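need the 3D shape of this:
(chains A and B)
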Amino acid sequence: MTLWFLIGVPPAVGSLLLACGKRADSLSVPVAIAAAALTLALSAIVTTQRPAVAASYVEGVSFGLRVDGLSAVMVIIVSVVLLAVLIFAVGEFSPEEARARFFGFMLLFAGAMLVTVTATTLVTLLMAWEVMGAASYALIGFWWRESRRASSGTVAFLTTRSADLGLYLAAGAALAGGAGGLALDELAGLSDGWQDVVAAGVVLAALGKSAQLPFSFWLSRAMDGPSPVSALLHSATMVAAGAYLLLRLEPLLGANPWAGVLVAWTGALTALTLGAVAVVQSDLKQLLAASTCAQVGFMVLAAGAGGVAAGSGQLVAHALTKSLLFLAAGAWLTALGTKNLLALRGVARRYPVVGVTFTAGAVTLAGIPPLSIWATKDHVLAVALREATPLYLVGLAAAALSAAYAGRAVAIVWSAPDPGAAGHVEQRATGRVNAWQRSALPPLAAGAAALGVLAVPAVWDAFAGIVSTTEGAAAAWWELLVSAVVALATAGAAAAVVRRRGDVRAREPWVGWLGLEAAALSLVAAPTRAAAVALARFDDRVIDGGVRAAVAVGSSVARAVDARVEWSVDGVVRAVAHGFRRLGRSARRPQTGQLHHYYAQAVVALAALVVLLVVLG
Amino acid sequence: MLSIIVFLPVAVAAGLLAFPRLGDSAVRWTWITASAVELALVLGLWLAYDPATPGYAYEVNRRWIPSVSSGYHLGVDGLSLPLVAVTAVLFLACAIYSLRQTQRIRSFAALFLFLETVCLGLFVSLDLILFFVFFDLSIVGMYFVIAGWGHRGAARAALKFFLYTFVGSLALLLGFIGLYLSAEPHTFDIARLAEQNPLAGQGVAGTLVLLALVVGLAIKTPTVPFHTWLPPAHTEAPAAGSAILAGVLLKLGTYGFVRIAMPLLPDTWRRYAWVIVIVGVLSVLYGALVALAQRDFKRMIAYTSVNHMGYIILAIGAAGLIATSNEQAHDLAVAGAVTQMVSHGLITGALFLLAGVLYERGHTYDMGSYGGLAASAPRFAGLTAIAAFASLGLPGFSGFIAEFQIFTGSLGATPVATALAFLGILISAALFLRAYQRIFLGPPRTAGGTTDLTAPEAISIAPLMALAVVVGLFPRFLLDVIEPAARTLGDLVSR
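Residues are numbered from 1 along each chain as shown, chains lettered A, B, ... in the order given. I've put the predicted structure just below:
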């Protein structure tokens, strides 16, 4: 029952807020915060109770939910980040904005994520998965009066939905392969052939949701949404959902070696290339977004290489860190009206609470000891090393890039302000960071830093025991040391570059996210559109034209019949009538009305009759 | 009971015409009351219905035309009851929506009540002649709705609709006669024909009869390439007429497949199921792509109907392919097809009423003429968003339940075709988001703003969406009715 409440409260409250619309704007703050707090409390309860529930849904398939170790960790992290982000958002949105709509969709979105991480069947998962995508559409396009923001929501939804088709594929293939209940833990034991299809579908869906290559571009467009949306989307939900799915279905990847290899390498390459993209971004939110792809890449790498615990650890550490960083960037965006790094020079000095917590987050992101991502990423790299050395090296290079972009960001926000950038304003600046916004940051920073205890073998083993049942590789002392040295050196070098030369040089194609969006447009969207237009023309001219031609043929045949056949028939009828008329006229002739004529005729007739009788007799 | 439900509306219609003194508002409220009573009766029917009992419920079987052994045979089962219910719901919604209708309201109401009788009658018919009579009368009724209350090009569109679907009904009649002649003793009774399976093992005759039935039903459904009567009919029809045309009349075709074509010609159906699958997939992709290219909002929705009907055709084709091998997959596909009929009725019915709202405001369906309507008409924007997402198959709405069952059930039978059909839900997402953005989002295009939904508009459309959500979240109440019937159909088709 608690579990039903947990997944029911956020979407129910959210839908209620949405249904009330503007009328609920003023009430929405306390209602939403209360709902998020209640959700957190319920999460704590289900973490200890570990309940499982199921309801019959479609034939042979149930709507099933269960909280096991991995789900428990996910449920907690989702609730924590949701509460922090909503508290921050109270300060972000002025009372005249559509708060009810914002909080309503945030709760709906988080509710969908909670269902995703507790789902036990494909139908449950797919439902929550797609609702989450639709809620992200509404949140990214929150400021819909600006056409670009609205279309960013469309890009995000369509991109993730095209990957979601993989889950429809997986569901059908699972049924065909013998998993009639579509249970997630049945998927690794299907008949050959179908199991490959299931794996392919799941991998496609997860990579799309996680904004891995080649889907990464939607995350760049998602930056058009409000900062609290980015903070939730990029940390514990949405992109994390893809990684979660791969971690949850790791046995399926293990049973299909090609899928495991594909996933691991996609994750590693995403971590590397999007890390490079992040290094050269001139916009703080774009930098953070690219970094999200890269960091999620480590989770995906872990899942592909069989490291469920390592991937989960990375997921948790990154969720806290990235939500913090996005909220800090959002605080500056409302205060200064800009997220351009040039204009953000020295901003940490002006807003010290935000500055310090941002720095804590960025240092964590850089993988500098003794903070959390340093530990979790090394566990991921240890798994990669056990799998294949090249994978490890690519991962290490990606780790160096994270240190580079994080070091660069920190150096910029603490450097001397650039007087030339003062006029760079994208939106209305309030000039201040309020208490709601400030209060959300320190707890997240503390969490992000403190999870560094995961480097301690005993703590790590305990965590691994919760989230996974299989024995995974953990980072050895020298691996922790190597990555620490690499991170410190690269971060220092990046900071030095900023200090000496001002900033890194922006280079294409890295600045434009490798042109992925343009590629998707020209390779997929434009041809589809052209095909649609061509087919519409075909429909009008050929198919309907055929119908019209049939009608035209029909009417011309009718006309022909009317003109020829009908005319001839009519002519025959007329001729016959004419003949009868003439006959009639001839028949009238004997009727003269004079008696002696009639007598004469009667005599002739009688004579004829007598002759006839004689002849016949 | 069924006879009362079927003929009550037409009796009220006769009453409306018989008392010309009755004022317009009395006519309106009589119409609404009659439709509401009708819905209440159908609700009673549903509550008293026991899905576990085999055969037909509330059966009536009287002598009608004994010379050709055609009887007045009515009854409902899990295939027809949901459609009866959705028909009653939609006609009530249209009655409420038409509260502001001013033009010749008396004949409008009478015509809709007549159509309600015809549609309900068709769904409960268990005799081919009865079925055919209702099938043809629906064409006649809708012809007058389009021609009498449509937009500028209505006369032409109505004529096209009439002639095209009439040709379809003639093909259907040929098929029915074929069934009649092949049965021994000759009969038009659907239940007896299903028992007899008269054309079993008769290759050519079976093929020809199936061909006639499929062409007749495919025109009505409509599927590619017989769909071109649909867009003009919808574009020119009044909003309530479009809602009924899409929501109920299209189902007469798809219902014919599951009620007549599949159980009466099981082995022929199985043999040609692959053709049906191809037609289904073509309709899915073709309908979605052509819809994507439309600039006219109503025309676009009309093409999405072709797309949505395509899923049904795909499902029943796939069901034919796997009827003998995988029972669960077959039942899922058929249950999905019936759910889709219900779901499409609710969602597309609502979308067409919303298109009517749009036309009221801007006097055009051209999407390019609008922009930023969400600013001045938030409730209209919200409801349209819900309907659009429901139509693109978002989970939480009935469309997802339908499409998920169809896809999951069909994939094993025909993997490539089904995987191609997946693209349909992606393209529909693209086209709805594009249309929505153009009309409702961005900077407001028109000065002065637009009035938001009026009470009759909101009260007629919102419950349709609420029902779509209820089915989407708690589908058991519906599937408990459909699934046993799907299993029965599976037994019949696998003979």
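
can you map out the strands along the chain?
By default, I'm working from chain A. Ranges of strands within chain A are A:52-58, A:61-66, based on DSSP state E.

was after chain B, sorry
Assignment of strands within chain B using DSSP E yields the ranges B:57-65, B:70-76.

mind listing what's buried in the shortest one?
This points to strand B:70-76. If you call a residue buried by 16 or more other CB atoms under 10 Å in any protein chain shown, then strand B:70-76 has these buried ones: B:Ser70, B:Gly71, B:Tyr72, B:His73, B:Leu74, B:Gly75, B:Val76. Where C-beta positions appear, they are placed from N, C-alpha and C, glycine not excepted.

out of those residues, who's nearest chain A?
B:Val76 (20.9 Å; CB to the nearest CB).

my guess is that closest one meets B:Ala57, correct?
Yes: counting by CB atoms under 8 Å, B:Val76 touches B:Ala57, with 5.4 Å between them.

now the common contact residues for these two.
Shared contacts of B:Val76 and B:Ala57, defined by CB atoms under 8 Å, 6 or more residues apart in numbering or on different chains, comprise B:Tyr49.

now A:Val353. Nearest residue, chain neighbours left out?
Distances taken as CB to CB, 6 or more residues apart in numbering or on different chains put A:Arg438 closest to A:Val353, at 5.0 Å, once the chain neighbours are dropped.

neighbours around that neighbour, how many?
By other CB atoms under 10 Å in any protein chain shown, 17 other residues sit near A:Arg438.

which residues does it contact?
A:Gly91, A:Ala331, A:Val353, A:Val354.

from chain B, how far out is the residue nearest the centre of chain A?
Residue closest to the average C-alpha location in chain A (CA atoms, centre = their mean): A:Thr160, at 3.2 Å. Separation of A:Thr160 from chain B (CB to the nearest CB, to the nearest Å): 10 Å.

tell me who's in contact with the closest residue to that residue other than its chain neighbours.
The shortest distance from A:Thr160 to any residue other than its chain neighbours is 4.7 Å, reached at A:Gly133 (CB to CB, 6+ apart). By CB under 8 Å, 6+ apart, the residues touching A:Gly133 are A:Ala156, A:Phe157, A:Thr160, A:Arg161, A:Asp164, A:Lys209.

let's see 7 Å
A:Phe157, A:Thr160, A:Arg161, A:Asp164 (CB atoms under 7 Å, 6 or more residues apart in numbering or on different chains).

does the first one touch A:Tyr137 like I think?
Which is A:Phe157. Yes: in terms of CB atoms under 7 Å, A:Phe157 counts as a neighbour of A:Tyr137; the distance is 3.9 Å.

centre of the chain to stretch A:264-274, how far?
20 Å (CA atoms, centre = their mean, to the nearest Å).

who touches it?
By CB under 7 Å, 6+ apart, the residues outside stretch A:264-274 that reach it are A:207, A:212-213, A:216, A:290, A:293-294, A:297-298, A:300-301, A:304-305, A:387, A:391, A:394-395, A:397-398, A:401, A:514.

any idea of the mean pLDDT in that stretch?
For stretch A:264-274, mean pLDDT is 95.

do stretch B:368-378 as well
This predicted structure assigns stretch B:368-378 an average pLDDT of 88.

span of that stretch from start to end?
19 Å (CA to CA, to the nearest Å).

residues of that stretch that come out buried?
Under the neighbour-count criterion of 16+ other CB under 10 Å, stretch B:368-378 has B:Ser369, B:Tyr370, B:Gly371, B:Gly372, B:Leu373, B:Ala374, B:Ala375, B:Ser376, B:Ala377, B:Pro378 buried.

does the third one really touch B:Pro444, like I thought?
Yes: in this structure B:Gly371 lies within contact range of B:Pro444 using CB under 7 Å: 6.5 Å.

from chain B, how far out is A:Leu247?
If you go by CB to the nearest CB, the gap between A:Leu247 and chain B works out to 22 Å.

was I right to think that residue contacts A:Gly304?
No: with contact defined as CB under 7 Å, A:Leu247 does not count as touching A:Gly304 (10.1 Å).

what touches both of those two?
By CB under 7 Å, 6+ apart, A:Leu247 and A:Gly304 have no common neighbours.

okay, domains of chain A per the record?
Domain ranges of chain A: A:256-511, A:523-610, per automatic domain parsing.

tell me which of these is the most buried.
Across these, averaging neighbours per residue (mean count of other CB atoms under 10 Å in any protein chain shown) puts domain A:256-511 on top, at a mean of 22.

quick one: the helices in the stretch 101-250 of chain A, in order.
A:122-140, A:147-176, A:194-209, A:217-221, A:227-233, A:239-248, A:250-255 (DSSP state H, counting those that start in this stretch).

so which of those is nearest B:Phe108?
Ranking the helices of the stretch 101-250 of chain A by proximity to B:Phe108 (CB to CB) places helix A:122-140 first, at 37.4 Å.

rewinding a little: got the strands of chain B as CSV, with mean pLDDT and distance to chain A columns?
Below are the strands of chain B laid out as CSV (pLDDT from 0 to 100; distance: least, CB to the nearest CB, whole Å):
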stretch, mean pLDDT, distance to chain A
strand B:57-65, 90, 21
strand B:70-76, 92, 21
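
quick one, which of the ones you listed gets closest to B:Phe131.
Judging the strands of chain B by CB to CB, what sits closest to B:Phe131 is strand B:70-76, at 9.8 Å.

give me the distance from the closest one to the chain's centre.
Between the centre of strand B:70-76 and the centre of its chain there are 21 Å (CA atoms, centre = their mean).

residues in contact with it?
For strand B:70-76, contacts defined as CB under 7 Å, 6+ apart pick out B:2-3, B:56-64, B:84, B:124-127, B:129-130, B:188-189.

any of those buried? List them.
B:2, B:56-58, B:60, B:84, B:124-127, B:129-130, B:188-189.

measure B:Leu39 to chain A for me?
Applying CB to the nearest CB to B:Leu39 and chain A gives a distance of 24 Å.

can you count the residues close to the closest residue to that residue other than its chain neighbours?
If the residues on either side of it in the chain are set aside, B:Leu39 comes closest to B:Ala88, at 4.3 Å by CB to CB, 6+ apart. Here the number of neighbours of B:Ala88 (other CB under 10 Å) works out to 27.

just checking, B:Ala88 touches B:Glu38?
Yes: at 5.2 Å, B:Ala88 counts as touching B:Glu38 under the criterion of CB under 7 Å.

give me the nearest residue to A:Met74, chain neighbours excluded.
A:Val117 (3.8 Å).

then B:Ala110?
B:Ala13 (4.0 Å).

ok, the one you found - contacts?
So B:Ala13 contacts B:Ala110, B:Leu113, B:Phe114 (CB under 7 Å, 6+ apart).

can I get those in a markdown table with neighbour count and pLDDT?
As requested, the contacts of B:Ala13 are exported to a markdown table (neighbours: other CB atoms under 10 Å in any protein chain shown; pLDDT from 0 to 100):
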| residue | neighbour count | pLDDT |
| --- | --- | --- |
| B:Ala110 | 21 | 93 |
| B:Leu113 | 28 | 95 |
| B:Phe114 | 22 | 96 |
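
ok, of the residues you listed, which one's closest to A:Ala487?
A:Ala487 lies nearest to B:Leu113 out of those, by CB to CB, at 76.9 Å.

which regions of chain B lie under the pLDDT threshold?
For chain B, the stretches with pLDDT under 70 are B:446-449.

so which bits of the stretch 301-450 of chain B are right by chain A?
B:328-329, B:331-332, B:335, B:372, B:374, B:378, B:389, B:394-396, B:400-401, B:404-405, B:407-408, B:411-412, B:418-419, B:422, B:426, B:429-430, B:433, B:437, B:441-443 (CB under 7 Å from any CB of the partner chain).

perfect, that will be all.
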